[in-house]
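Student: Could you look at this predicted model? Sequence included:
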Amino acid sequence: MLSALLVMAGIAIALGAVLGYAAIKFRVEGNPLVDKIDAILPQTQCGQCGFPGCKPYATAIAAGEADINKCPPGGEEGIHKLAELLGMEFKPLGGNAVPKPKSVAFIDEATCIGCTLCIQACPVDAIAGAAKQMHTIIAAECTGCELCVAPCPVDCISMKVIEEKITNWKWKYPVYALNTVETTNVAGAALQKTNGRAPG
Amino acid sequence: MIFTPLISKPDSVSAIMLKVLLALLPGIAMYVWYFGPAILVSITLASITALSTEALMLKLRRRPIAPFLKDNSALLTAWLLALSIPPLAPWWLVVVGTAFAIAIAKQLYGGLGNNPFNPAMVGYAVLIISFPMQMTHWLAPQGLVLTELSFTQQLDYIFQGVLPHSVTLDALTMATPLDTLKTHLHLDESVQQILNMTIYGQIGGHGSEMAAWGFLFGGLYLLAARIISWHIPVAYLGTLFVIAGIFHLVDPTHYVAPLFHWFSGAAILGAFFILTDPVSSPTTNKGRLIFAAGAAFLTYMIRTFGGFPDGVAFATLLMNISVPLIVLYTQPKVFGKKDKS
Amino acid sequence: MTEYLLILISTVFVNNIVMVKILGLCPFMGVSKKLEAAIGMGAATTFVLTLGSGASYLINHYLLGPDLAYLTTLSFIVVIAGIVQFTEMVVEKTSPALYQTLGIYLPLITTNCAVLGIPLLNVQAKHNFMESIFFGMGGALGFTLVMVLFAGIRERMEGADVPVIFKGSAIAMVTAGLMSLSFMGFSGLIK
Amino acid sequence: MRKLNHFHGGIHPPSNKTQSTQVAIAHAPLPSKLIVPFHQHAGEIAKPVVQVGDHVLKGQLIGMPDGFVSSAVHAPTSGTITAIDLQLIAHPSGLPNLCATLIPDGKDEWVERKAVDYRDHSQPELQQLLRMNGVVGLGGAAFPSDVKLRIGKQKIKTLILNGAECEPYITCDDMLMRERANEIVQGAQMLRFMLDADEVLYGVEDNKPEAIAALQQAIKESNLNHDVVAIPTVYPGGSAKQLIRVLTGLEVPSGKLPTDIGVQCFNVATAYSVCRALAHGEPLLSRIITITGNVRRAQNFEALIGTPIDYLVALGEALSDTDGYIMGGPMMGIPLPSVHVPVVKATNCIIATSAKLFPQPQPSMPCIRCTRCVEACPADLQPQDLYWFAQSKEFGKAQKFSLFDCIECGACSYVCPSHIPLVQYYRFAKSEIRAREHDKQLADQARVRHEFREHRFEREKQEKADKLAAREAAAQAAKLASTQPLTPQQLAEQADLEARREHIREVAQSSVENTAVENTTERTGN
């Protein structure tokens, strides 16, 4: 009995010494993960995740305090990337949030009274203007976070969906004719229809 | 919208598969000549099973059926599997093997073009592990055994398991030349003694060597028609020859000559028809050489030292596993990335 | 020398720990989605197993002996846990990215049945010190080999048109089964 | 005889070129309306410098180049600008872009043209001249030529004139070389001067013996040291990188420019317009276009930029079963969204399509990895892997397999037995990757701005706190100075004072932080 105790204690002490040494020798400082998560987040700084900005949300994810499916602007793709980075399973977007098409804020300059409330609300300083002068959104800088919409006392800010123009047009996914067919008995007809042609 | 290019070469998957099927015909003809028409029953049975399993799976997966049945790929799987099963095997053996090959090894992975394993060889491996007895009753070449069954008697046996009175299965069948060689080597007989047995022909097994000639002929047609590239057959047969040659030179009484390895078992069939399956083999030329050489090495090891009579199927499957990595590490240099200077 | 080689071939191919003995399936399924992670996992397991086999042999032979044989499993677990902990620290320091990808599976090497299984098999087979080390290393190399091959197939299958209900773990299981089927081809090579 | 090199792969589609080389280039008559897009070149769109209602002369600048990579746009004839608005153009998206509509007055009256002798001008001056004359590459990409001439300190050894014209059906360069070899050769000499190139090579596929002869004749007559090389006919032999490889044996490194290996490449038609621009002072107003395919009179026309395509196909007499039009060749051309779109500088060919001439492709089957595409790929890629990753949207892996080295020539699709629209998948993947990179840039930008803002807030808060602390310290010091014991009354007074101060501080704080609150109350008060 005594020998058994001695043996186990001996093993424990030896391992303890090795691990204690390793803990000092291989100490890791900081958490490089936060920056990696932050790099995936879309930086809209919209706060829809319940955190005041993307960095705080990233910190919360890294600490395991927040789910990865709280970012509507990042969309499913963002969740997929986070899941891959963290080795987690993908989950659909949480809550009632739905990803919206990308849009930018637009100020109706005729209605604007120049109150600067939206300027203070904008997390990325994308609104130009001074007190009592009308404001303008710098569209290229706008992340579409909608934080400026609510504070406006005269409701002159609206969100405009970014239209598809020749400058931002993308090639579409070619229809994979054989897989789009839903029911098998119309296969032939459907094949004829989708025969090497894209939709629309 | 119409896609460019508007023009394309007149070719199709089903035409390619059809040519492969045609290339199998000379070998099958030789087979029938030497072993009787029972093999045709297996081929038909396998074909019907393959097509109906394919159709059923496509229906379950809600994919169009007609274009995929017409692509001839299921037929090819069926034919290759039927050629690897003893012709006198009971009907359910063929059906189970083919259905497994098509349903599990092919359709579960997404059907044509998606399967990482060669479906026919998966079917064969499942059968030889699950039903080793039935898989070793190979029909003897005609003229070698006293009792021979007529075609109708063969059908009776295949479908109902009924043999004519006073005929036992052992009287009709015998082990394959490779199997016989292995068994007798264990009995401390020399290669020369064993090869004097009647089941051996000029180079390999009597009859089976002629079928191998037929497959070789078909394989050369595939090469000429540019359906397959030379890399896999040459690397496979070459490596097999070299390894067998080395062993043979070291100890000719225990290790049989390289040409025997070529013309027995499924070596020729494998080199031209099984390993060259484009879906489950590497896409780079260097990768093909590695793939085929590895398969040849494994074939020889399993044949000579392993527990199975032939190694082609397992060698194919084992190399199939390695294909993604082989492809990944044998990427050719892209235009403009050739020299680092 | 030949016997060591035979032990290696036997453990890597013929009696592959994952494919034939069906041990260590948890990391095999869990960390094989990405090739890099699989390689990392394989390396970590090889390290732990080789070291663990040696250490467990020493403990079993010199500390425990036949008197304290009932402590075998217990002491092995303690030693392995210690080595895994050590490995975890090293990986975290040297490769944070790998540490992240391996995630929970890194500490879980402790409970990888292959890792405990191999030292126990060593005891059972009465291997000497060198044999134990080779047995452990061979087992781990076999584990790494199939992990990497499996990861290769899974990465490729990402793009395959697998039926929806079979996507993910299901088709991975089927693949593992077919791989195991293929590995049966080695049976009989070495008794 | 020059030793030629080869590039990997390539295909031999039926050339179908003879239909349109039977008769000489014809001048298309003046149409009743011209639609001139402002964005006919690679790079930034040109800025309109005319207004609706303006009367313009032939060759007058109507679009000013805007940005480093941009080019000028001119009025192709004299007349009145009746609209500057969004019109359908020949673009795969089928989306409209900014165009000027010009109603010709029929006089075809020129602005003042100024010919220059290139030898009297510096390279920057000549580059500016080309830019203002709207000279762009006429091979298809319409890249501004002046940008290709800005080579910095790089030494150009070889200037290549691309007359390969490898796509089936197209013969505009062939006919231009046959009929106007002289001006091509002069233009090439000007380009050589601007690049200070050691040698000039013309790469012409050996299925155009007449063109080769004409060029050789013109070179001999002008007594120049140029070299015409007949190259083997294989598609895509006319792709710049492949042509350079064939002629020089050099490979343009991935992600680099030909100038990095001392080579520059221009289309023969570009050389022609360089000659017109410098030696005649004529901006790029017209070009040669092959009208072919399902037409009765396949022929090359010299048409003004802006000519509606329906006007041109009427000249070619399209047959009744025509079901669409392709701009460019059958390999890389783009289907036109409408037959009313205008000719642009990049329009080299219009093919009328019909079900008989271009039968519907068979439905695409899954890829069986037969690697015929690998054998055909002129960029040594693995098209089947690129397709695999593109169709499953694994863009990272596609990029790792050198997706961006694909030149979209379509050779892989041509040989694919599964009839997969491979190039479409590559284009899709490329444009998704580009969009993602763009989004990433925007996100990084937003992050920097957000962090800057946070930093600013922090600083302001700190400054305020510092000020407050300083004041408090002063008060404390004063209190210490008067160290008499206080009566309870005085203590109460002091506490009251302190409370009031605290209140004022709070108000001040909120007004500083939220000046806007005041503003609104002020407004509502008014």
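Tutor: Received, thanks.
Student: ok, which stretches of the stretch 51-200 of chain B are helices?
Tutor: B:66-69, B:73-84, B:91-100, B:119-130, B:151-160, B:169-172, B:177-186, B:191-195 (DSSP state H, counting those that start in this stretch).
Student: closest to chain A out of these?
Tutor: With Cβ to the nearest Cβ as the criterion, chain A lies closest to helix B:66-69 of the helices of the stretch 51-200 of chain B, at 6.0 Å. All C-beta atoms are positioned from the backbone trio N, CA, C, and that covers glycine.
Student: buried stuff in the closest one?
Tutor: B:67-69 (16 or more other Cβ atoms under 10 Å in any protein chain shown).
Student: Contacts only, for the residue of the stretch 51-200 of chain D found nearest chain A.
Tutor: Among all residues of the stretch 51-200 of chain D, D:Ser93 sits closest to chain A, at 4.1 Å; criterion: Cβ to the nearest Cβ. The contact partners of D:Ser93, taken as Cβ atoms under 8 Å, 6 or more residues apart in numbering or on different chains, are A:164, A:166, A:169.
Student: still on that earlier bit, same list (the buried residues of helix B:66-69) but as CSV, adding pLDDT and distance to chain C.
Tutor: Formatted as CSV, these follow (pLDDT from 0 to 100; distance: Cβ to the nearest Cβ, whole Å):
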residue, pLDDT, distance to chain C
B:Pro67, 88, 14
B:Phe68, 90, 12
B:Leu69, 90, 17
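Student: closest to D:Ser338 among those?
Tutor: D:Ser338 has its nearest neighbour among the buried residues of helix B:66-69 in B:Pro67, at 33.4 Å by Cβ to Cβ.
Student: Now for the residue nearest to C:Ser182 when sequence neighbours are not counted, which secondary structure element holds it?
Tutor: Of all residues not flanking C:Ser182 in the chain, B:Leu317 sits nearest, at 3.7 Å (Cβ to Cβ, 6 or more residues apart in numbering or on different chains). Assigned by DSSP states H and E, B:Leu317 belongs to helix B:312-329.
Student: before we move on, back to that, among the buried residues of helix B:66-69, which ones lie close to chain D?
Tutor: The residues of the buried residues of helix B:66-69 that also fall near chain D, by Cβ under 8 Å from any Cβ of the partner chain, are B:Pro67.
Student: got JSON lines for the buried residues of helix B:66-69, with distance to D:Val263 too?
Tutor: Shown next, in JSON lines, are the buried residues of helix B:66-69 (distance: Cβ to Cβ, whole Å):
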{"residue": "B:Pro67", "distance to D:Val263": "47"}
{"residue": "B:Phe68", "distance to D:Val263": "49"}
{"residue": "B:Leu69", "distance to D:Val263": "53"}
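Student: thinking again about what came up before, lowest-confidence stretch among the helices of the stretch 51-200 of chain B?
Tutor: When the helices of the stretch 51-200 of chain B are compared on average pLDDT, helix B:169-172 comes out lowest at a mean of 76.
Student: chain center to that helix: distance?
Tutor: For helix B:169-172, the distance from its own C-alpha centre to the chain's C-alpha centre is 25 Å (Cα atoms, centre = their mean, to the nearest Å).
Student: Return the residues of chain B in contact with chain C.
Tutor: Chain B has residues B:60-61, B:104-105, B:107-111, B:114, B:116-117, B:122, B:125-126, B:129, B:298, B:301-302, B:305-308, B:311, B:313-315, B:317-318, B:320-325, B:328 near chain C, with proximity defined as Cβ under 8 Å from any Cβ.
Student: backbone phi and psi for C:Ala176, please?
Tutor: Note on C:Ala176: its backbone torsions stand at phi -60, psi -40 [degrees, to the nearest 10].
Student: And D:Ile35, by the same measure?
Tutor: Torsion angles, degrees, to the nearest 10, at D:Ile35: phi -120, psi 110.
Student: neighbours around the closest residue in space to it that isn't next to it in sequence, how many?
Tutor: Leaving aside its sequence neighbours, D:Ile35 sits nearest to D:Pro342 (Cβ to Cβ, 6+ apart; 4.0 Å). D:Pro342 sits with 28 neighbouring residues when counted by other Cβ atoms under 10 Å in any protein chain shown.
Student: My understanding was that C:Gly159 contacts D:Leu386; is that so?
Tutor: No: judged on Cβ atoms under 8 Å, C:Gly159 makes no contact with D:Leu386 at a distance of 11.2 Å.
Student: Settle it for me: which of the two has more neighbours?
Tutor: A direct count of neighbours by other Cβ under 10 Å for C:Gly159 and D:Leu386 places D:Leu386 higher, at 25 against 20.
Student: so who does C:Gly24 touch?
Tutor: C:17-18, C:45, C:112-115, C:117, C:143.
Student: Out of these, which end up buried?
Tutor: C:17-18, C:45, C:112, C:114-115, C:117, C:143.
Student: Show me which of the residues you listed is closest to B:Leu25.
Tutor: C:Val18 (42.1 Å).
Student: and chain B, which residues reach chain D?
Tutor: Within chain B, the residues that sit near chain D (Cβ under 8 Å from any Cβ) are B:1-9, B:11-13, B:15-16, B:67, B:71, B:73, B:110-114, B:229, B:278-279, B:283-284, B:327, B:331-338.
Student: Among the residues you listed, name the ones in helices.
Tutor: B:13, B:15-16, B:67, B:73, B:327 (DSSP state H).
Student: Narrow the contacts of D:Ser93 to just the buried residues.
Tutor: A:Ile166.
Student: among the contacts of D:Ser93, which are in reach of chain D?
Tutor: A:164, A:166, A:169.
Student: Switch these over to a markdown table; also include pLDDT and secondary structure.
Tutor: Shown next, in a markdown table, are these (pLDDT from 0 to 100; DSSP: H, G, I helix; E, B strand; the rest coil):
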| residue | pLDDT | secondary structure |
| --- | --- | --- |
| A:Glu164 | 83 | coil |
| A:Ile166 | 82 | coil |
| A:Trp169 | 86 | coil |
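Student: Could you dump those residues into TSV with distance to chain C added?
Tutor: Shown next, in TSV, are the ones next to chain D among the contacts of D:Ser93 (distance: Cβ to the nearest Cβ, whole Å):
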residue	distance to chain C
A:Glu164	28
A:Ile166	31
A:Trp169	26
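Student: out of the residues you listed, who's nearest D:Ile219?
Tutor: A:Ile166 (41.5 Å).
Student: The closest one and D:Pro92, how far apart?
Tutor: 10 Å (Cβ to Cβ, to the nearest Å).
Student: got it, and B:Val20?
Tutor: The gap separating B:Val20 from D:Pro92 is 38 Å, by Cβ to Cβ.
Student: do the same with D:Cys172
Tutor: For D:Cys172, the distance to D:Pro92 equals 21 Å [Cβ to Cβ].
Student: Out of the two, name the residue with the larger neighbour count.
Tutor: Using other Cβ under 10 Å as the criterion, D:Cys172 and D:Pro92 rank with D:Cys172 on top: 25 against 19.
Student: which non-adjacent residue is nearest that one?
Tutor: Spatially, and ignoring its direct neighbours in sequence, D:Cys172 is nearest to D:Ile288 (4.2 Å; Cβ to Cβ, 6+ apart).
Student: mind exporting the helix or strand the one you found falls within as PDB, just the C-alpha atoms?
Tutor: According to DSSP H and E, D:Ile288 maps onto strand D:286-293. The C-alpha coordinates for strand D:286-293 follow below in PDB (Å, rounded to 0.1, in the frame of the first residue of the first chain):
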ATOM      1  CA  SER D 286     -13.700  54.000 -86.800                       C
ATOM      2  CA  ARG D 287     -12.400  50.500 -87.000                       C
ATOM      3  CA  ILE D 288     -12.600  47.400 -89.200                       C
ATOM      4  CA  ILE D 289     -15.300  44.900 -88.100                       C
ATOM      5  CA  THR D 290     -16.000  41.400 -89.500                       C
ATOM      6  CA  ILE D 291     -19.600  40.700 -90.100                       C
ATOM      7  CA  THR D 292     -20.000  37.000 -90.500                       C
ATOM      8  CA  GLY D 293     -21.800  33.900 -89.300                       C
END
